[in-house]
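K.L.:
turn this into a structure:
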Amino acid sequence: MRHGKHLQDFRKFLRSSYFPGLKRNASSHLCSAPKAPQDWTNAFVSQDDTVEGNSNATGPLTNLSIAIKDNICTKQYKTTCSSAFLQEFSSPYDATVVELLRSSGARIVGKTNCDEFGMGSFNVHSVHGPVINPYSHKTGSKPPSENEWRSAGGSSGGSAAAVASGACHAALGTDTGGSIRLPASYCGVTGLKPSYGLISRWGVVSYADSLDCVGILARGVKDINPIFKTLSVYDSKDPTSAHDDVRKKAADIASTSFPLERSLDGLVVGIPQEYFPEELNQSSIAPLRKLVTELRSAGAKVVSVTLPSTPYALSAYYVIASAEASSNLARYSGIHYGLRIETPEGADKKKVSNVYSHTRSKGFGHEVQKRILLGTYALTADAFDNYFLQAQRVRNLVKDDFNRVFKSPNPLTSSQGEVDPHHKVDVLLHPSAVGIAPLLSEVAQMNALEAYVQDVLTVPASLAGLPALSVPIGTNKDGWPLGASIVGQWGQDEFVLRVGEFIEKLVDFKASN
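P.N.:
Residues are numbered from 1 along each chain as shown. This is a model prediction of the structure:
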């Protein structure tokens, strides 16, 4: 499937909302060098190696070491969102997910680096410097030289790198359009983006409210399972949290789904035709083909399916996410909290707009400024119908596509649309990323469109709010890891995790550390 025409349309949107006054400056912190990191990966922005387990803890996560992405509020550590704006911000409370982890016996060992406010695919847009991929295919190798540094993926690159390097058992990240699955693929770890609404977002700094999800990264599915079960509970403080009746409905549907106890016999796996765009590196296909062969040998039925709205998903995602970001980030004004830059000499200090403009220009990095401007433009009277409303229509079409191919009904909707009985599947399987982790030197040369295209395979599940699990399935010819994503119907997260466990056994991927 070729996405060229639709990416040209997206390029037009980028140009139409371009502001020539927006330039990179010292505050844009793009690919700046790490500032004396505790480890060469620069995965952590704050860390406490002296944290000890609770000897009285008896919960399911007793003494499990877990790192927290730096856009999730913690009382123990500062919450900076990797932004100059919040570099000194200390939250007066823990996010719900952090409270749940602590009450279940987990040890919170630090905060992990991320793209500023979760905006990025390579973890280079950070005031703390870029995260360096710790994966190594060379036994006993030393840290790579600077010209060999590769991206850990974004925006949850610090969480993925912390897990891949063995610094913690697991880490929390957030996924808006692929920010857990992309780093998981790049670093050779497992990453779950849950169904939207299953895990509380209370205490998570907002990027795009209708898309943001808290998810989990770990070495394997067995480490994700108990954490997911701990966090997947209704939270009255989060207005987007799924209520117990919807959760029960999803559980009832899951109980009648494929049992998947000891074998894959009868499991129907769909391969979406549209998930092989021209941007996909051909070296990514071989491990997936091998996995398909092994799935069939294990008893699964693998079929081709079509999700015709997929080529429009990337454009729709960036319109919606940027529009929501422009609204959410309006609160960072330099008045209430965070960074405040005094107006320069000669400027009217009585004008509040001067405080806003100078503070926001210095406090936000280039990528965040760009997305705010994109989103603001999409919401203007001239662009609203052509971009924002169209993007919402595409989002509904993407949801309808998924509902048409899954055997299980969506508990959030009453209408499933027409379903072709020959193309009903239990799960979908596709590459997690268009290629391996790129060199940081290559990332620095990419234009905006090249960077945004990294999300082309992950945003459809985000738009539909579906669970998606990236598991490592092999390496390319140079030994760098590649992941495959398993996507299920809304609320079928535990089923997706069980499929992931079977796939892990089939591929027997060995982590590097």
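
K.L.:
ok, Phe509 - contacts?
P.N.:
Counting by C-beta atoms under 8 Å, 6 or more residues apart in numbering, Phe509 makes contact with Gly188, Val471, Pro472, Ile473, Gly474, Pro481. Bear in mind the C-beta positions are built from the backbone N, C-alpha and C, glycine included.

K.L.:
ok, now with 7 Å
P.N.:
Pro472, Ile473, Gly474 (C-beta atoms under 7 Å, 6 or more residues apart in numbering).

K.L.:
of all these, which comes closest to Gly299?
P.N.:
Distance to Gly299, by C-beta to C-beta, is smallest for Ile473 among the contacts of Phe509, at 18.3 Å.

K.L.:
circling back: most neighbours among the contacts of Phe509, which one?
P.N.:
Pro472 (28 neighbours; other C-beta atoms under 10 Å).

K.L.:
that one sits in which helix or strand?
P.N.:
Element membership for Pro472 (DSSP states H and E) is strand 468-475.

K.L.:
and that strand, what does it pack onto?
P.N.:
helix 181-187, strand 190-193, helix 285-297, strand 481-487, helix 493-507 (3 or more C-beta pairs under 7 Å, 6 or more residues apart in numbering; DSSP states H and E).

K.L.:
now the contacts of Phe509 as TSV including pLDDT?
P.N.:
TSV is the format used below for the contacts of Phe509 (pLDDT from 0 to 100):
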residue	pLDDT
Pro472	98
Ile473	97
Gly474	96
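
K.L.:
related to what we said a few turns ago, output the strand holding Pro472 as CSV, restricted to C-alpha atoms.
P.N.:
These are the backbone C-alpha positions of strand 468-475, laid out as CSV (Å, rounded to 0.1, in the frame of the first residue of the first chain):
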residue,chain,number,x,y,z
ALA,A,468,-1.5,-2.8,21.2
LEU,A,469,1.5,-4.8,22.4
SER,A,470,4.9,-4.5,20.7
VAL,A,471,7.1,-7.6,21.2
PRO,A,472,10.6,-8.1,19.7
ILE,A,473,10.6,-10.7,17.0
GLY,A,474,14.1,-10.6,15.6
THR,A,475,16.8,-8.4,14.2
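
K.L.:
most tightly surrounded among the helices and strands packed on strand 468-475?
P.N.:
Most buried of those by mean neighbour count (mean count of other C-beta atoms under 10 Å) is helix 181-187; its value is a mean of 36.

K.L.:
what pLDDT, on average, does it get?
P.N.:
Mean pLDDT, helix 181-187: 99.

K.L.:
got the contact list for that helix?
P.N.:
Helix 181-187 has contacts (C-beta under 7 Å, 6+ apart) with 121, 133-135, 151-154, 156-157, 159-161, 164, 175, 190-191, 193, 217, 432-433, 437, 454, 458, 468, 470, 481-483, 485.

K.L.:
wait, isn't Ser241 in contact with Ile199?
P.N.:
No. If you go by C-beta atoms under 7 Å, Ser241 and Ile199 don't touch, sitting 8.3 Å apart.

K.L.:
ok, back up a step: partner strands of the strand holding Pro472 and their direction?
P.N.:
strand 190-193 (antiparallel), strand 481-487 (antiparallel) (DSSP bridges).

K.L.:
out of these, which comes closest to Pro272?
P.N.:
Closest of the strands paired with strand 468-475 to Pro272 is strand 481-487, at 8.7 Å (criterion: C-beta to C-beta).

K.L.:
for the protein, identify the residue most remote from the centre.
P.N.:
Gly346 (43.7 Å; C-alpha atoms, centre = their mean).

K.L.:
residues in contact with it?
P.N.:
Listed by C-beta under 7 Å, 6+ apart, the contact set of Gly346 is empty.

K.L.:
how about it, phi and psi?
P.N.:
Dihedral pair for Gly346: phi 100, psi -20, per degrees, to the nearest 10.

K.L.:
how near is the nearest residue to Tyr318 once chain neighbours are set aside to Val268?
P.N.:
Using C-beta to C-beta, 6 or more residues apart in numbering and skipping residues adjacent in sequence, the residue nearest Tyr318 is Tyr452, 6.1 Å away. Per C-beta to C-beta, to the nearest Å, Tyr452 is found 32 Å from Val268.

K.L.:
show me what contacts the residue most central in space within the chain?
P.N.:
The residue lying closest to the centre of the chain (C-alpha atoms, centre = their mean) is Ser179, at 2.0 Å. Taking C-beta under 7 Å, 6+ apart as the contact definition, Ser179 lies against Gly118, Gly154, Ser155, Ser156, Gly173.

K.L.:
out of those, who's the most crowded?
P.N.:
Ser156 (37 neighbours).

K.L.:
neighbours around Ser353, how many?
P.N.:
As a burial measure, Ser353 scores 10 neighbours (other C-beta under 10 Å).

K.L.:
model confidence for it, exactly?
P.N.:
With respect to pLDDT, Ser353 has a value of 79.

K.L.:
do Arg15 as well
P.N.:
Looking at Arg15, its pLDDT is 61.

K.L.:
Ser103 too?
P.N.:
pLDDT, read off for Ser103, is 96.

K.L.:
one more: Gln282?
P.N.:
According to the prediction, Gln282 has pLDDT 89.

K.L.:
what sits up against stretch 238-246?
P.N.:
By C-beta under 7 Å, 6+ apart, the residues outside stretch 238-246 that reach it are Thr96, Gly197, Leu198, Ser200, Arg201, Trp202, Tyr234, Asp235, Pro411, Leu412.

K.L.:
and the residues you listed, which of them are buried?
P.N.:
Buried members of these, counted by 16 or more other C-beta atoms under 10 Å: Thr96, Gly197, Leu198, Ser200, Arg201, Trp202, Asp235, Pro411, Leu412.

K.L.:
returning to that earlier point: can you put the contacts of Ser179 in TSV and add distance to Leu307 and secondary structure?
P.N.:
What follows is the contacts of Ser179, written out as TSV (distance: C-beta to C-beta, whole Å; DSSP: H, G, I helix; E, B strand; the rest coil):
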residue	distance to Leu307	secondary structure
Gly118	25	helix
Gly154	25	coil
Ser155	25	coil
Ser156	25	coil
Gly173	25	strand
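
K.L.:
quick one: which of those residues is nearest to Val394?
P.N.:
Gly118 (21.8 Å).

K.L.:
hang on, that closest one packs against Gly158?
P.N.:
No. With contacts counted by C-beta under 7 Å, Gly118 stays clear of Gly158, the gap being 11.6 Å.

K.L.:
in contact with the nearest residue to Ser82 once chain neighbours are set aside, which residues?
P.N.:
In space, and not counting its chain neighbours, Ser82 is closest to Ser126: 3.9 Å by C-beta to C-beta, 6+ apart. Counting by C-beta under 7 Å, 6+ apart, Ser126 touches His29, Ser82, Asn113, Cys114, Asp115, Glu116.

K.L.:
equivalent analysis for Ala43, please.
P.N.:
Going by C-beta under 7 Å, 6+ apart, Ala43 touches Thr112, Asn113, Val131, Gly158, Ala161, Ala162, Ser165, Ala167.

K.L.:
distance of the fourth one relative to Ala298?
P.N.:
By that I understand Gly158. 35 Å.

K.L.:
burial count for Gln392?
P.N.:
Neighbours around Gln392, by other C-beta under 10 Å: 16.

K.L.:
in which helix or strand does it reside?
P.N.:
Taking DSSP H and E as the criterion, Gln392 maps to helix 390-405.

K.L.:
wait, isn't Thr343 in contact with His358?
P.N.:
Yes. If you go by C-beta under 7 Å, Thr343 and His358 touch, sitting 5.7 Å apart.

K.L.:
what about this protein, any weak spots by pLDDT?
P.N.:
Residue ranges of the chain with pLDDT under 70: 1-38, 49-57, 137-141, 258-260, 414-423, 510-513.
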